[in-house]
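Q: next input, structure requested:
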Amino acid sequence: TRTPQTPAAAHPRPEEIKYAYGTAGFRDKSTILDSVLYRMGLLAALRSKAKKATVAAMITASHNPEPDNGVKLVDPMGEMLEGAWEKHATDLANAKDEDVGSALQRIIDAVDIDISLPSDVFVARDTRPSGPPLTQALLDGLKVMGSTFTDFGILTTPQLHYLVRSHNSKGAYGEPTEDGYYKKLAQAFYKLRTDGTKKKYQPEVTIDGANGVGALKMKELQKRLKDCLKITVCNDGSTGKLNEKCGADFVKVQQKPPAGMETQPGQRCVSFDGDADRVVFFYLNKDGVFNLLDGDKISTLIAGYLGELVSASGLQLNIGVVQTAYANGSSTRYLEDVMKVPVSCAKTGVKHLHHKALEFDVGVYFEANGHGTVLFSEQAEQKIKAASQDDSLESSRREAAVRLTHMVDLINQTVGDAISDFLVVETILSTRDWDAEDWNTQYVERPSRLLKVKVADRTAVQTTDAERCATAPPGLQDAINKLVGKYRHGRSFVRPSGTEDVVRVFAEADTQANADLLAHEVSVQVYQLAGGVGGQPQPPSTS
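A: Below you'll find the predicted structure:
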């Protein structure tokens, strides 16, 4: 098992830079990523050999500004790269040029990879100008390893996840082509459209494409949707810059419509992020006030509807929603008390949500930022399919099962997918005959405040119970409990940042003033008990 001799000198690593592979892969200024992309070509080939299947590499920096770029590897069933390999990726990216061969050999030995096995990698990129040269660096790495590959050019991140799963499942998940992706979604969407006149729901929507790949691919899908949904795509990349004053992240953080989009009161609007794996909805009410429908609202809409279909089908399936502690308390209460859908809490980060959602037959998860999907267990899919074909069932039960089969097809289970999630929401709003206001008023969000406190060492704060309870420093959780008890609907938790020496403080209460005050009081306790640095947190201004 001889390690290939890697001419890493052709893609030299900048010596002063330390790279780290995180949940989103590598992400940085595109000018310093050439060596990283080359080495990820080497690693992708090893991962393929280790899994004895095709894997994928996506070149994107998602919602980051246009000068940035990045790369993330995708496992055979469209999942994120296995956690243990994140360290291999980091080690390989940081090896000296002359040590790349021995760094590869260490991975081969650690994982016990048969280097003589074939490898195959799917590659795609978003619309960033730095994409083509970085793709070439990755392909150079694959060629050195003697790997076969398919370069799909420009795709959304979820399309690449779809392709690798479809290919490895021998077509069971879908046809492994870009056209197959559109066909699968369009057919399922068509079959779920309900006839009859709608009083409230208007089949018209305006999409902010973040000047990215989502805009291009939405236009492709539009050709197949024909007349059943009128879509206007703004920020399609023809003039503006990627993610500049637009995109899901901008709309969520700024709480306002993007530039490059005319919005009328009552008009339903959608915003994708740069690589189209996140989506948020928004509208202006009759007074012109901006209203955001984020991941919490999408999650409750989808879970409520799927819960009704499961119930109507008579199938014994356990459905659940996975949230983080940041989810609005009203959404949790609405799901549990009104929709009768159980809610689980997971640690922050999409991999934790995804993992927890696997515990249900039907697991719905969304981060507030609009990244999420639904996972159906293999057993659930089999039961749904069998019921949809069972002539002995009464028609209403069978019809519910048939609708569930189409929902399974409409949802991209591999990863959050802005295009797929958008179509799922439109399907449910149409079925319920709701406009955006009807959807938004299903529950009223409690006011919240997010603060951060600088500390000397973030590891001074330790948490348990999906980050909802602080176990260190001593006395902090008791202090939080006392403060929370002072406020109606009070809730607060603290968690250390994953990347910098700050502690994040979240608070929720019956009014914005109380949420602000509770967040401040908890911040002071964090500062005093967990080694705050700089000035003590100042109380919110009451003006």
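Q: the helix or strand where residue 321 lies - contacts with which helices or strands?
A: Using DSSP states H and E, residue 321 maps to strand 319-323. If you count contacts as 3 or more CB pairs under 8 Å, 6 or more residues apart in numbering; DSSP states H and E, strand 319-323 packs onto helix 295-313, strand 343-345, helix 350-357, strand 362-366. Where C-beta positions appear, they are placed from N, C-alpha and C, glycine not excepted.
Q: just send those back as JSON lines, with mean pLDDT too.
A: Below are these laid out as JSON lines (pLDDT from 0 to 100):
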{"stretch": "helix 295-313", "mean pLDDT": "96"}
{"stretch": "strand 343-345", "mean pLDDT": "96"}
{"stretch": "helix 350-357", "mean pLDDT": "92"}
{"stretch": "strand 362-366", "mean pLDDT": "97"}
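Q: of those, which approaches residue 514 most closely?
A: Among those, helix 295-313 comes nearest to residue 514, with 20.2 Å by CB to CB.
Q: need the CA coordinates for the closest one. PDB is fine.
A: Provided in PDB are the C-alpha atoms of helix 295-313 (Å, rounded to 0.1, in the frame of the first residue of the first chain):
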ATOM      1  CA  GLY A 295     -36.800  28.400  10.500                       C
ATOM      2  CA  ASP A 296     -39.000  28.100  13.600                       C
ATOM      3  CA  LYS A 297     -42.100  29.200  11.600                       C
ATOM      4  CA  ILE A 298     -41.200  26.800   8.700                       C
ATOM      5  CA  SER A 299     -40.600  23.900  11.100                       C
ATOM      6  CA  THR A 300     -44.000  24.400  12.900                       C
ATOM      7  CA  LEU A 301     -45.800  24.700   9.600                       C
ATOM      8  CA  ILE A 302     -44.300  21.500   8.200                       C
ATOM      9  CA  ALA A 303     -44.500  19.400  11.400                       C
ATOM     10  CA  GLY A 304     -48.100  20.400  12.000                       C
ATOM     11  CA  TYR A 305     -49.100  19.400   8.500                       C
ATOM     12  CA  LEU A 306     -47.100  16.100   8.400                       C
ATOM     13  CA  GLY A 307     -48.600  15.300  11.900                       C
ATOM     14  CA  GLU A 308     -52.100  15.700  10.500                       C
ATOM     15  CA  LEU A 309     -51.300  13.500   7.400                       C
ATOM     16  CA  VAL A 310     -49.900  10.800   9.700                       C
ATOM     17  CA  SER A 311     -52.900  10.900  11.900                       C
ATOM     18  CA  ALA A 312     -55.400  10.900   9.000                       C
ATOM     19  CA  SER A 313     -53.500   7.900   7.400                       C
END
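Q: hey, which of the helices and strands packed on strand 319-323 is tucked in deepest?
A: Neighbour counts (mean count of other CB atoms under 10 Å) averaged over each of the helices and strands packed on strand 319-323 peak at strand 362-366, with a mean of 29.
Q: so what touches it?
A: With contacts defined as CB atoms under 8 Å, 6 or more residues apart in numbering, strand 362-366 is touched by 295-296, 298-299, 302-303, 306, 310, 317-323, 346, 350, 353-354, 356-357, 372-377, 380, 416.
Q: repeat that for stretch 155-171.
A: 53-56, 58, 60, 62, 74-78, 122, 124-126, 152, 172-178, 180-181, 213-214, 217, 275-277, 412, 414-420.
Q: which parts of it are buried?
A: For stretch 155-171, burial by neighbour count (16 or more other CB atoms under 10 Å) applies to 155-168.
Q: residues contacting the one residue sitting closest to the centre of the chain?
A: Against the mean C-alpha coordinate of the chain, by CA atoms, centre = their mean, the closest residue is residue 371 at 3.0 Å. Residues in contact with residue 371 (CB under 8 Å, 6+ apart) are 277, 278, 295, 350, 416.
Q: the stretch 151-300 of the chain: helices as residue ranges?
A: Per DSSP state H, counting those that start in this stretch, the stretch 151-300 of the chain carries helices over the ranges 157-168, 178-192, 213-225, 248-254, 295-313.
Q: quick one: distance of the second one to the chain centre.
A: Spelled out, that is helix 178-192. 21 Å (CA atoms, centre = their mean, to the nearest Å).
Q: and for the longest one?
A: Here helix 295-313 shows a centroid-to-chain-centroid distance of 19 Å under the convention CA atoms, centre = their mean.
Q: now do it: which elements does it pack against?
A: Judged by 3+ CB pairs under 8 Å, 6+ apart, the packing partners of helix 295-313 are strand 279-284, strand 319-323, helix 329-333, strand 362-366, strand 372-376, helix 395-410, helix 418-432, helix 436-440.
Q: could you give the mean pLDDT of stretch 146-162?
A: Mean pLDDT, computed over stretch 146-162, is 98.
Q: same check, this time on stretch 408-427
A: 97.
Q: ok so, going back, please pick the buried ones from the contacts of stretch 155-171.
A: 53-56, 58, 60, 62, 74-76, 78, 122, 124-126, 152, 173-176, 178, 180-181, 213-214, 217, 275-277, 412, 414-420.
Q: picking that back up, pick out the most distant pair among the contacts of residue 371.
A: 277 and 295 (12.0 Å).
Q: returning to that earlier point: to residue 130, which of the helices of the stretch 151-300 of the chain lies closest?
A: Closest of the helices of the stretch 151-300 of the chain to residue 130 is helix 213-225, at 14.0 Å (criterion: CB to CB).
Q: quick one: buried residues of the closest one?
A: Buried residues in helix 213-225 (16+ other CB under 10 Å): 213, 214, 215, 216, 217, 218, 221, 222, 225.
Q: want to try TSV for those, with distance to residue 37 as columns?
A: Putting these into TSV (distance: CB to CB, whole Å) gives the following:
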residue	distance to residue 37
213	18
214	23
215	25
216	22
217	23
218	27
221	29
222	32
225	35
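Q: which one of the residues you listed sits closest to residue 527?
A: For the buried residues of helix 213-225, the nearest to residue 527 is residue 214 (41.3 Å; CB to CB).
Q: just checking, that closest one touches residue 276?
A: Yes: in this structure, residue 214 is within contact of residue 276 by CB atoms under 8 Å, at 3.3 Å.
Q: which neighbours do those two share?
A: Common neighbours of residue 214 and residue 276 (CB under 8 Å, 6+ apart) are 156, 418, 419.
Q: so the last one sits right up against residue 213, yeah?
A: This points to residue 419. No: under the criterion of CB under 8 Å, residue 419 makes no contact with residue 213, lying 10.4 Å away.
Q: shared neighbours of the two, anything?
A: 156, 276.
Q: in CSV, list the contacts of residue 371 along with distance to residue 458.
A: CSV is the format used below for the contacts of residue 371 (distance: CB to CB, whole Å):
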residue, distance to residue 458
277, 28
278, 26
295, 25
350, 21
416, 27
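Q: now, which of those residues sits nearest residue 197?
A: The closest of these to residue 197 turns out to be residue 295 (CB to CB; 31.4 Å).
Q: and the closest one, how far from residue 312?
A: Distance, residue 295 to residue 312, using CB to CB, to the nearest Å: 26 Å.
Q: with residue 132 instead?
A: From residue 132 to residue 312 the distance is 50 Å (CB to CB).
Q: cool, residue 30 as well?
A: 50 Å.
Q: now do residue 432
A: 14 Å.
Q: next: residue 528.
A: On the measure of CB to CB, residue 528 and residue 312 end up 54 Å apart.
Q: before we move on, what about residue 320?
A: Distance, residue 320 to residue 312, using CB to CB: 18 Å.
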